[in-house]
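S.K.: dropping a prediction and its sequence here:
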2 protein chains.
Amino acid sequence: MDNIEGRILTGEELAEKIREVSIAEFFEKNRHLLGYENPVKSLFTVVKEFVDNSIDACLEARILPTIKVLVKQVSENRYRVKVEDNGPGIHPKKVPIAFAKFLVGSKFYRLRQSIGTQGIGAKGAILYAQLTTGKSAKVETSTGNDKIHYFELMIDVLKNEPIILKHEVRENPKKWHGTKIEVIVEGRYIEKRQSIPEYLKLISIANPYVTITFDGPNGVLKFKRVMPKLPKLPREIKPHPYGVELGRLKRMLKMTKSTTVLNFLMNEFSRVGRDSALKICKLAKIDPKTDPHKLVHNQIEKLHKAMTMVKLLSPPMDCLSPINPNYLIEALKREYPNAEFFHAVIRKPTVYRGYPFQVEAAIVYGDELGVSSAKLIRLANHTPLLYNQSDCVITKAVSETNWRSYGVSQSEGSIPQAPMIILVDFLSVWIPYKSEGKEAIAQYPEILKEIKLALQELGRNLKVFMNKKRREIEKKRKRQIFERYLPEVVSSIAKITDKKEDQIKKMIENLLNKKFVEINNKTKGEEE
Amino acid sequence: MDNIEGRILTGEELAEKIREVSIAEFFEKNRHLLGYENPVKSLFTVVKEFVDNSIDACLEARILPTIKVLVKQVSENRYRVKVEDNGPGIHPKKVPIAFAKFLVGSKFYRLRQSIGTQGIGAKGAILYAQLTTGKSAKVETSTGNDKIHYFELMIDVLKNEPIILKHEVRENPKKWHGTKIEVIVEGRYIEKRQSIPEYLKLISIANPYVTITFDGPNGVLKFKRVMPKLPKLPREIKPHPYGVELGRLKRMLKMTKSTTVLNFLMNEFSRVGRDSALKICKLAKIDPKTDPHKLVHNQIEKLHKAMTMVKLLSPPMDCLSPINPNYLIEALKREYPNAEFFHAVIRKPTVYRGYPFQVEAAIVYGDELGVSSAKLIRLANHTPLLYNQSDCVITKAVSETNWRSYGVSQSEGSIPQAPMIILVDFLSVWIPYKSEGKEAIAQYPEILKEIKLALQELGRNLKVFMNKKRREIEKKRKRQIFERYLPEVVSSIAKITDKKEDQIKKMIENLLNKKFVEINNKTKGEEE
């Protein structure tokens, strides 16, 4: 290392020091960007990345996911983490790059709802393992043929390339398919908020078709599926003309296999038919038969502008796959059996920056929930977000909703003060996470608005319940007051009428019960 | 694109779709990670990245920075941004990779206080320009010899490689040195909070040795230096043994040029002399003469453990360079001439994760500041952080400090409610930003604690001022009451003593003034 203290460097000398950084090195030094900033969060992140990947893989291959998670302490601050799924398995040729090379993946380019997208998650966990304990990752996988492939992998950090320490091919007489991954990492295990058990509980609520067995440091937990079949597979879509930036359009034009601008528009975008394509060309003053590779900058600018001016249908929405609200409620009932009120809503899909998205939300209310301030369950494409709550669009939407008008207390601009759980699941083909650690969703205005509308729908249903609850408390109170004076009333009437106290007490009690049944029926009638 | 709707994919088919993503593509799709999520913030981020780079370059070359920033609207939602500095210039060979290839830079590997580190910032701005307007970046630079090099550059997004559209060599008769960069970007210009003028004002406060001229859409602003010389150049340091993870140690051992473990420890770490190195070897049960390349995993683990067990000095602190508090206050006075109270403190340097860091902080109080809630100026290595305030360790420290005990009002856990400005500058060889957009600092406990201590020091000084202020208000109030009754008192005394009212009034006023002078002197005495 040069000692440059006190000396003036020339531009030429400074230039000599420029060097390329591999993306693996970048994430090693900035591991907090991926969620590895303290032992508790790091252990959680490792589990989360592997489980998210397992669910994604099963969904894509249309397999009901059964996932086993093992977390065991091996020394004071080290844990063994193993995640096993019954997914489609990974082709052995692709295993090294799927686990030990950053920014390689199948999901980055396509527009479809899935948990992972970036080709970062699992690699981050393996990088963290080798950084903190120096140990390789062990991967076992089979696509269901007669072989199981076993790998021991590390990442060559300076090159961002996989190092294959071991590769064994084993027999697979039972035609098992799936993937097992095991790492040893530095970490600390907790069971309260922002913990592994909490995450597994929440992901099993938001994905009620998953069964997860968790063999943790303090014993086994099981989350059983309450939904017997998979939700529909979200469809992959093409980009919508309204959401494509000029630079990206330029690149698409350069790389297209289409030989005319007309075909380019029809083939590479969603919602562009022949008529719309011709309209776009006309507006841009481009002959539809022009070779797209030959457009010059000015023409591309005009084409880009014209694309946003022609009226087109919104993107197709079968790229999104919300959970049936009945199953969502069933899963919530499984986890919060003592709650008094459950409600779930699904908003219609809509669009931000050309990307389709949809909000699903649910509310649980109950004095027995053990929370005084509302607990938020934030989800993105059915995966729970446990960290960075204060910076998330979901939190903003909850705080800015006027819950007082639905009968629960709230200080202005805060989370409502009531024993309830608010679940919001944001579904999209592209989630605008605020960091690679996938902890919070960015505050696009269209997203904020849709979440608020979902919360208002929940709020109106909550209000009906709260009113009923209040009336019942009121009735109870009145009856209690009456009952307090009952003995005196009874003895007075007995004296006046010369009848037996028992007889009178029974009469009055019958009257009372009848009256309350009437009130109850009336209340029910009001609600319908 | 395959249509996979309704069909079950095999693991082998799924594997086929795996593809490598370039880091440029990654940031293009995730541009909000770099700060390009809406037009206002994007325009701000472009200016910030270029200005940060200019200041860094000047500091490193020991040149007093004079920076010109130009932002002009060219169409409804497009702006031309040009930043020119008088820095050392960039060697022409290195220009393309310095501006148009991600993760290439001179600063990633060294441990020294600087604004930029990652080799991302300026490239992000150029990527954003070509994405939104399709225009290349224009760079003009000279290292002060007889040639100026002019480039037009774009980024090949799929390959993360520079595209050189034009390169001209021009005469430089005046031996000008520096760099000019110009881009056309989509954006929206504002002048209130989180704006370009606000950022330039703050960076000129935190770097009082900089002169910045801003030629904006609404006219010219100038921020003149109040500090006539550069702060000392922070020194580059080697990593400290306490902060090196096992995986990194392993790599260092593999790549070292040292031939013995003893030399390895002494050469590649700070604060490890011969004695400490021998102690570490002894603890790890490794012969000091062992070839470091031949250590096996078990030995490396032991070495790693031993490195943290031997008592060593903290890292050297000349890698940090705070601003002289007098200049900081002078710069604050320039921007807030009506404020009543200024104070600045510098804490002693300390360490988190093996990285040295230091907190500098200042407070400004004044009823005329026009703020009812304290305004935070958050800085990292002298560069202002304008976004994501809620998620920053500085905000947390301010909210958790008990300002009531210093005489200003505050609701528990909030920013104090008082007309004041709190400036916190976090200096370190490695800033743990929460995202690549460099908006907020992560909440490491050591960092939180140090910032709180700095704030408490400010608070104690504020208290003295607040007490004095309160006493003066009280005196004023008393005098006003007295003066209200003065006419009656005067006329009564006049009647009794039979003297002229004018005479008596003068006497009493003289007495009154004398009394207040006494009180004033007494108050001053108390403070000293």
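M.R.: Thanks, I have it.
S.K.: for residue A:491, list the residues it contacts.
M.R.: By C-beta atoms under 8 Å, 6 or more residues apart in numbering or on different chains, the residues touching residue A:491 are residue A:501. Every residue, glycine included, has its C-beta placed from N, CA and C.
S.K.: next, it: phi, psi?
M.R.: Recorded main-chain torsions at residue A:491 are phi -70, psi -30, according to degrees, to the nearest 10.
S.K.: chain center to stretch A:316-328: distance?
M.R.: The chain centre lies 13 Å from the centre of stretch A:316-328; the measure is C-alpha atoms, centre = their mean, to the nearest Å.
S.K.: pretty sure residue A:429 contacts residue A:318?
M.R.: No: Residue A:429 is beyond contact range of residue A:318, at 10.9 Å (criterion: C-beta atoms under 8 Å).
S.K.: pLDDT score for the residue nearest the centre of chain A?
M.R.: For chain A, the residue sitting closest to the mean C-alpha position, by C-alpha atoms, centre = their mean, is residue A:380 at 2.4 Å. On pLDDT, residue A:380 comes in at 94.
S.K.: neighbours of the residue of the stretch 251-400 of chain A found nearest chain B, how many?
M.R.: With C-beta to the nearest C-beta as the measure, the residue in the stretch 251-400 of chain A that lies nearest chain B is residue A:391; the distance is 4.5 Å. The tally of other residues near residue A:391 (other C-beta atoms under 10 Å in any protein chain shown) stands at 23.
S.K.: phi, psi for it please.
M.R.: Dihedral pair for residue A:391: phi -110, psi 20, per degrees, to the nearest 10.
S.K.: intersection of neighbour lists for residue A:429 and residue A:318?
M.R.: Where contact means C-beta under 8 Å, 6+ apart, the residues bridging residue A:429 and residue A:318 through contact with each are residue A:234.
S.K.: who has more neighbours out of those two?
M.R.: Remark: of residue A:429 and residue A:318, residue A:429 carries more neighbours, 23 against 16, as counted by other C-beta under 10 Å.
S.K.: how near is that one to chain B?
M.R.: Taking C-beta to the nearest C-beta, to the nearest Å as the measure, residue A:429 falls 12 Å from chain B.
S.K.: cool, and residue A:178?
M.R.: Separation of residue A:178 from chain B (C-beta to the nearest C-beta) stands at 9 Å.
S.K.: in the stretch 1-150 of chain A, where is pLDDT below threshold?
M.R.: When the per-residue scores of the stretch 1-150 of chain A are filtered using pLDDT under 70, the ranges that remain are A:1-19, A:105-112, A:115-118.
S.K.: hey, where'd the helices end up in it?
M.R.: A:11-16, A:23-29, A:39-60, A:95-100, A:121-132 (DSSP state H, counting those that start in this stretch).
S.K.: please list the outside residues in contact with the fourth one.
M.R.: Pointing back at helix A:95-100 there. Contacts with helix A:95-100, where a contact means C-beta under 8 Å, 6+ apart, come from A:90, A:104-105, A:122-123, A:126, A:137, A:139, A:141, A:149, A:151, A:153-155, A:161-164, A:181, B:15, B:18, B:20.
S.K.: much appreciated, bye for now.
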